[in-house]
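Student: Fold the following and give me the result.
(one chain, ligands or ions: 2)
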Amino acid sequence: MTDSYDIVIIGAGPGGYNCAIRAGQLGLKTAIIEKRETLGGTCLNVGCIPSKALLHASEMFTRAKQDFAGMGIKTGPIELDLPTMMAQKNDAVDGLTAGVAFLMKKNKVTTYYGTGKILAPGKVEITKAEGGTEELVTKNIVIATGSEPSTLPGIEIDETRILTNTGAIALDKVPEKLILIGAGVIGLELGSVWSRLGAEVTVLEYLDRIMPGADTEVAKTAQRIFKKQGLKFKLGQKVTGAKASKTGVTLSVEPAKGGSSEDMQADVVIVAVGRKPYTEGLGIDAVGAKTDARGVIETTDHFKVAEGVWAVGDCIDGPMLAHKAEDDGAAVAELIAGKAGHVDYNLVPSVVYTNPEIAWVGKTEEELKAAGIAYKKGHFPYKANSRARTNHETDGFVKILADAKTDQILGAHMIGVGVGEMIGEIGVAMEFGAASEDVARTSHAHPTLSEAIRQAAMDVEGWAMQM
Ligand code: FAD
Ligand code: NAD
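Tutor: Numbering: from 1, shown residues only. Ligands and ions are numbered 1, 2, ... in the order given. The predicted model follows:
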C-alpha cells in the first residue's frame, strides 16, 4: 500500500527539517526524505557546524599561544593536536545530526533515507539508500534540496588537493601553503582556521574588494585586520586553471582586467566562489517548475512553485543562510496549515565568524545611496568601549544607519568580538520599526560590548557620550 501524507519534504537541511518540525507541531501528517546518511543538510554535516567547531578550536589555540601570557596565565609549550581537534568537530556534528533525528521522532515526522524524485503533483518516488523504490502520495510537496558549491572552468575538484568546503573541514594535516579562491564568507572563515593552525594562506579574489555584499567600510577594516593576522590577499585576480599533482597544485592566475598570466604553487587549494541551487534528478519539470540562469527555483506567492508544490531555503531566492532556510521552512508549514507565513529577507542577519566577527542586518550605505534614501549615520569604535578595552579586544566598530527624516533604523554594520550575538538586538529593533533613539534610550548593562550599540545609536543624533 502507498503511504499518504499532508506534506512530503525533500531534503533534511535547515529548510527541510524545520519545515517538518513546524508541520508536525501543527498536526500535519509529515514525511521527510534525505539522501545523506545523516540529517541536518549542508549546515550540520559540512557547513555551519563543522566550520564553527574548527573556528572556535583554532581561536582557542591562537589565544593560548598569543594572549595567555599577557593575561598572567603561564602554560607549557602549546602544541596542535589536529586529530583531536577534528574529533571534537566530528562530535559536534554527530551530536547535532542525531539531535535532528530525535526532533523528527518527537514531532511524529516519518524519515525516509534515500533520493526523492517528483513524479507528478502529489507523487514522490524514493530510491532508497538500502535499495529499491517506494512511492508516496501527498497533498503537498516541499522542495528543500539546498545548494552545492559552484566550480570554475579549468578546475577539477578532487577533495584531496583541490577542495570544496567538504574537504577543507577534514584535512588530516596542516598544509604549508594554502590558496583560497574567493574572498567571501567561506574564504575568510576557513582561511582563518588554517592560517591559525600554521598554514601560509593566500586568498585570491576576482573583485577589487573582499566580501562583496558587506558594507565597504566594514570590509576594508576586516581586510586590514586579517592582513595583520597573516592572511595574504590578492584582489582583482582571475584563476584560469589548476593542475593537481601528487605533491601540490599549480594555479594559473591572471589579472581580472587583463594582463599576463602567472603560475602560483600551493599544497592545497580551496575553491569558495559561491554556491548554486541543487536540483539534480529532482524531476521539477514534472510540476512545471522553472529555474533562472543560476538554477534558482522560481517561486510566486510565498514559496509556491505550483499547486501543492513549495520550495524553501538555498534552492530559492534570498540569502543562502541556515536561519533564512529555517524561517522559509516554518513559514511554508504555516501556510499549508492555513496560517499566515512570511519572511522579510531584509531582516535576515549575516554573520562572519572570524576573529573579530563581522555582522550586519538591513541596508548598507552603498544600497541606501543607490536607492536615493537620505540617511544619518552613528559610529562607535570598540576602542572606546570599556569591556572591549578590559578584554584587550579593541579592534572594530558599530555603525547604525537611520532614516534622515523619521530616524527609523535602516541597517547596522559591525565588526568586533561578539557582534554575531549583538546583531540580534538590532534585528528585534528593526522588526518593531524602532528609531535609533529607541535604542539610544534603552538601558544597556555596563560593562558590556553591547554598550557600543547604544553609543552608536546615540551618535546618530550626535550625542554619543563616551568618545
Ligand atoms: P541544505 O542544508 O543544503 O540541505 C539540503 C539537503 O537536501 C541536503 O542534505 C541534501 O543531501 C538533500 N537533498 C538534495 N537533493 C535531494 C533529493 N533529491 N532527495 C533527498 N535529499 C536530497 N549559514 C549560516 O547561516 N551560518 C553559517 O555559519 C554558515 N556556515 C556555512 C559554512 C559552510 C562551509 C557552508 C558551505 C555553508 C554555510 N552556511 C552557513 C550556509 C548554510 O549551510 C545553508 O544556507 C543551509 O544549509 C541551507 O539549508 P537548506 O535546507 O536550504 O539546504
Ligand atoms: P560568497 O558568495 O560569500 O563568496 C564568493 C567569493 O568568490 C566572492 O567574493 C566572489 O567575488 C568570489 N569569486 C567568484 N568567482 C571568482 C573567481 N572566478 N575567482 C576569484 N574569486 C571569485 O561564497 P562562499 O564563500 O563560497 O560561500 C557560499 C555561501 O555559503 C555564502 O554566500 C553564504 O551564503 C554561505 N555561508 C555562510 C556562512 C556564514 O553565514 N557565516 C559561512 C560560510 C558560507
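
Student: Quick one: the helices in the chain, in order.
Tutor: Assigned by DSSP state H, the helices in the chain fall at 14-25, 41-46, 48-66, 82-106, 165-168, 185-196, 216-228, 322-336, 365-370, 386-390, 419-431, 436-440, 451-460.

Student: mind checking how far the residue nearest to Ala98 when sequence neighbours are not counted is from ligand 2?
Tutor: Leaving aside its sequence neighbours, Ala98 sits nearest to Thr38 (Cβ to Cβ, 6 or more residues apart in numbering; 7.8 Å). The C-beta positions use only the backbone N, C-alpha and C, and glycine is treated the same way. Remark: distance between Thr38 and ligand 2 (Cβ to the nearest ligand atom, to the nearest Å) = 19 Å.

Student: tell me the domain boundaries of this protein?
Tutor: 3-149+276-345, 162-273, 356-460 (automatic domain parsing).

Student: could these be laid out in CSV, adding mean pLDDT?
Tutor: Listed next are the domains of the chain as CSV, based on pLDDT from 0 to 100:
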stretch, mean pLDDT
domain 3-149+276-345, 97
domain 162-273, 97
domain 356-460, 98
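
Student: TSV please, covering those domains and showing distance to Glu156.
Tutor: Converted to TSV, those look like this (distance: least, Cβ to Cβ, whole Å):
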stretch	distance to Glu156
domain 3-149+276-345	13
domain 162-273	7
domain 356-460	32
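
Student: Mean neighbour count for these - can I get that in CSV?
Tutor: Formatted as CSV, the domains of the chain follow (neighbours: other Cβ atoms under 10 Å):
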stretch, mean neighbour count
domain 3-149+276-345, 19
domain 162-273, 19
domain 356-460, 19
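
Student: so which of the ones you listed comes closest to ligand 1?
Tutor: Smallest distance to ligand 1 across the domains of the chain (Cβ to the nearest ligand atom): 2.1 Å, for domain 3-149+276-345.

Student: could you dump the helices of the chain to CSV with distance to ligand 1?
Tutor: Compiled in CSV, the helices of the chain are given as follows (distance: least, Cβ to the nearest ligand atom, whole Å):
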stretch, distance to ligand 1
helix 14-25, 3
helix 41-46, 2
helix 48-66, 4
helix 82-106, 10
helix 165-168, 4
helix 185-196, 5
helix 216-228, 16
helix 322-336, 4
helix 365-370, 20
helix 386-390, 23
helix 419-431, 9
helix 436-440, 24
helix 451-460, 21
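
Student: And those helices: which comes nearest Val351?
Tutor: If you check each of the helices of the chain against Val351 by Cβ to Cβ, helix 419-431 wins as the nearest, at 4.1 Å.

Student: Quick check, the residue in the chain closest to ligand 2?
Tutor: At 1.7 Å from ligand 2, Gly184 is the closest residue in the chain, using Cβ to the nearest ligand atom.

Student: Tell me where the stretch 151-300 of the chain has strands.
Tutor: With DSSP state E, counting those that start in this stretch as the criterion, the stretch 151-300 of the chain has strands at 162-163, 177-181, 200-204, 232-234, 237-244, 249-255, 262-266, 268-271, 275-277.

Student: Kindly report the same for the stretch 301-450 of the chain.
Tutor: 304-306, 309-311, 350-352, 357-362, 375-381, 397-403, 409-416.

Student: Make TSV from those and add distance to ligand 2 to it.
Tutor: Below are these laid out as TSV (distance: least, Cβ to the nearest ligand atom, whole Å):
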stretch	distance to ligand 2
strand 304-306	21
strand 309-311	17
strand 350-352	5
strand 357-362	9
strand 375-381	24
strand 397-403	19
strand 409-416	14
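
Student: Is the spatially closest residue to Ile453 that is not a sequence neighbour bridged to anything, and to what?
Tutor: Nearest non-adjacent residue to Ile453, counting by Cβ to Cβ, 6+ apart: Val398, 5.4 Å away. For Val398, the beta-bridge partners under DSSP bridges are Phe380, Met414.

Student: got the contact list for Val398?
Tutor: 379-380, 382, 412-414, 416, 419, 422, 452-453, 455-456 (Cβ atoms under 8 Å, 6 or more residues apart in numbering).

Student: Pro121 now?
Tutor: Ile141, Ala286, Val287, Ala306, Glu307, Gly308, Val309.

Student: Pairing partners for the closest residue to the first one other than its chain neighbours in the sheet, please.
Tutor: The spatially closest residue to Ile141, leaving aside those adjacent along the chain, is Val309, at 4.9 Å (Cβ to Cβ, 6+ apart). Taking DSSP bridges, one finds Ile141, Ala306 as the beta-bridge partners of Val309.

Student: Next, name the residue at the spatial heart of the protein.
Tutor: Leu321 (4.6 Å; Cα atoms, centre = their mean).

Student: Report the separation between the nearest residue to that residue once chain neighbours are set aside and Ala384.
Tutor: Among residues not flanking Leu321 along the chain, Val348 sits closest, at 6.2 Å (Cβ to Cβ, 6+ apart). Computed as Cβ to Cβ, to the nearest Å, the Val348 to Ala384 distance reads 29 Å.

Student: Ligand 2 contacts on the stretch 51-200 of the chain?
Tutor: With Cβ under 6 Å from any ligand atom as the criterion, the stretch 51-200 of the chain meets ligand 2 at residues Leu152, Ile181, Gly182, Ala183, Gly184, Val185, Ile186, Gly187, Glu189.

Student: Reformat these as JSON lines; add distance to Lys108.
Tutor: What follows is these, written out as JSON lines (distance: Cβ to Cβ, whole Å):
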{"residue": "Leu152", "distance to Lys108": "44"}
{"residue": "Ile181", "distance to Lys108": "45"}
{"residue": "Gly182", "distance to Lys108": "42"}
{"residue": "Ala183", "distance to Lys108": "45"}
{"residue": "Gly184", "distance to Lys108": "39"}
{"residue": "Val185", "distance to Lys108": "36"}
{"residue": "Ile186", "distance to Lys108": "36"}
{"residue": "Gly187", "distance to Lys108": "41"}
{"residue": "Glu189", "distance to Lys108": "36"}
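
Student: So what's the residue count around Thr160?
Tutor: A count of nearby residues for Thr160, using other Cβ atoms under 10 Å, gives 11.

Student: so it touches Gly167, yeah?
Tutor: Yes - at 7.0 Å, Thr160 counts as touching Gly167 under the criterion of Cβ atoms under 8 Å.

Student: For whichever residue of the stretch 351-467 of the chain sits closest to ligand 1, grab phi and psi.
Tutor: Here the residue of the stretch 351-467 of the chain nearest ligand 1 is Tyr353; by Cβ to the nearest ligand atom that distance is 5.9 Å. In terms of degrees, to the nearest 10, the main-chain angles of Tyr353 are phi -90, psi 50.

Student: is it true that Ile141 touches Tyr5?
Tutor: No - using Cβ under 8 Å, Ile141 is not in contact with Tyr5, being 9.5 Å away.
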